[in-house]
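coords please:
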Amino acid sequence: MRPTPTRTARRQELLVMGLCFAVIVFDGYDLIVYGATVPALLQYEDWGLTPAMVGVIGSYALVGMLIGALLAGTVTDVVGRRKVMLTGVGWFSVAMIGCALAPDATWFGMFRLLAGIGLGGVMPTAVALTAEYSAPERRSRNNALMFSGYAVGGILAAVLAMALLPSLGFRFMYGLGVIPLLMLPLLLRHMPESLVFLVAKGRHDAAERTAARLGVPVPAPDTEALAGSARRKRRGPAELLSGRHVVPALLFAVTSFFGLLLVYGLNTWLPQIMRAAGYPLSSSLLFLLMMNLGAVIGSVLFGPLGDRYGMKPVTLLSFLAAAVSMSLLSIATAAPLMYLLVAVAGFGTIGAQIMVLGYVAQHFPVEIRATALGWTLGIGRFGAITGPLFGGALLSAGVSTAWNFYAFALPAALATAVVLLLPGKTAVPVPAELKVRAA
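Numbering: from 1, shown residues only. So this is what the prediction gives:
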């Protein structure tokens, strides 16, 4: 009979997931607040910004996230996941203060770039820690719940913008980004280091102390590596981009490119697209709220299905929902129907990217999981950089509202096609030492 996890282990699973959720909430807020403040930035006469310039500044944070994700993917297996997360949280919080105090658009863009570096390191680390400390059959569900914090942060940004932006201005919205600094003592006290990292580094005493405190088993060393297989001794990017892993790694990166293009393109420009369509500021921000609300609801409802049916069909359904809903938005006119379609699009864009990360965490073995997540997000960040520029170019060209939506439906359709090429099964079986914790 398979042993059940201890109550301490289950509490630790929930604690790690909850801490990562809280970090991702602020991560999502700090990114999506830009889209919520775009109308205010365009109206701020002192800076004289155009839609094209706003698109360029919007891409700066995503360039930073590319740098941060690539750095995290490279160093996380050297210095540990915990240090990467703590450093990232402090980094992006301080940079948000700089955004609030920026004297001109140049400095504002620079601080957005710096904030992105911190944000880029946090995301893959949170996914890797949540996956490691989750029981195998709850891994996809926990990842979806944890990463729904990104959309919760978007909801928070939209709600606060509707309430505070008209009276307090965009600087106050960025100043709220300092709040995550208050979380650092909590993370220092309660966020554990990866046990796999400790074992791989030969820090067995630290691994045993951490495992005893958390009520979980110490992972066994990689016996295949110990047996002397030269290929399996390679770790990090060298292992990820070799042998059986290279094709899935490239396909995941392409999928992430389209997913992040949709996420950041729409989160940056949806309020302004709806304003151009004739909606007032409060209503245009409500569309942003509905998109992120749809992402939360869709991820919570469909994320657990990945544990039962596999991540491929769930991810495929997500991107397909985005393509269909964005196409229908081009012809819909009734406001209630448009709100519903935007919510579905939120699940198919933000929710789809959550599914992609869960798919990566499920597919790759634990020894290179953090690296796979970091590089998938890192290469995918080119799509994130493209998204704000893409939307800015559309608005600058003065295309119709319908063609704005058609333009974003296309990458959703392409992502659906790429997902069809992804492997349907995990690359490795669940290790025996992790099965001990299954409920």
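
the strands in the stretch 1-150 of the chain, which residues?
Shown for the stretch 1-150 of the chain, no strands are assigned by DSSP state E, counting those that start in this stretch.

Low-confidence bits of it, can you list those?
Along the stretch 1-150 of the chain, the model assigns pLDDT under 70 to residues 1-9.

ranges for the helices of it?
Per DSSP state H, counting those that start in this stretch, the stretch 1-150 of the chain carries helices over the ranges 7-43, 51-79, 81-101, 105-132, 139-175.

out of these, deepest packed?
Most buried of the helices of the stretch 1-150 of the chain by mean neighbour count (mean count of other Cβ atoms under 10 Å) is helix 105-132; its value is a mean of 25. No exception for glycine: its C-beta is placed from N, CA and C like everyone else's.

Tell me which of the helices of the stretch 1-150 of the chain sits nearest to Tyr309.
Shortest distance between Tyr309 and those, using Cβ to Cβ, is found for helix 139-175: 9.8 Å.

Next, the buried residues of the next helix or strand after the closest one.
Next along the chain after helix 139-175, taking DSSP states H and E as the criterion, comes helix 184-190. Neighbour-count burial for helix 184-190 flags Leu187 (criterion: 16 or more other Cβ atoms under 10 Å).

Can you dump the C-alpha atoms of helix 184-190 in CSV for me?
What follows is helix 184-190 as a C-alpha-only set of coordinates in CSV (Å, rounded to 0.1, in the frame of the first residue of the first chain):
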residue,chain,number,x,y,z
LEU,A,184,10.8,39.6,2.2
PRO,A,185,10.9,38.7,5.9
LEU,A,186,8.2,36.1,5.4
LEU,A,187,10.0,34.6,2.5
LEU,A,188,13.3,34.5,4.3
ARG,A,189,11.7,32.7,7.2
HIS,A,190,9.4,30.2,5.5
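
How far off centre is it?
Counting by Cα atoms, centre = their mean, to the nearest Å, helix 184-190 is centred 22 Å from the centre of its parent chain.

which other helices and strands contact it?
Secondary-structure packing of helix 184-190 (3 or more Cβ pairs under 8 Å, 6 or more residues apart in numbering; DSSP states H and E): helix 7-43, helix 81-101.

6 Å - rerun?
For helix 184-190, not one helix or strand is in contact under the criterion 3 or more Cβ pairs under 6 Å, 6 or more residues apart in numbering; DSSP states H and E.

returning to what we had before: would you turn the helices of the stretch 1-150 of the chain into CSV with distance to Ala397?
Shown next, in CSV, are these (distance: least, Cβ to Cβ, whole Å):
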stretch, distance to Ala397
helix 7-43, 16
helix 51-79, 9
helix 81-101, 28
helix 105-132, 22
helix 139-175, 25
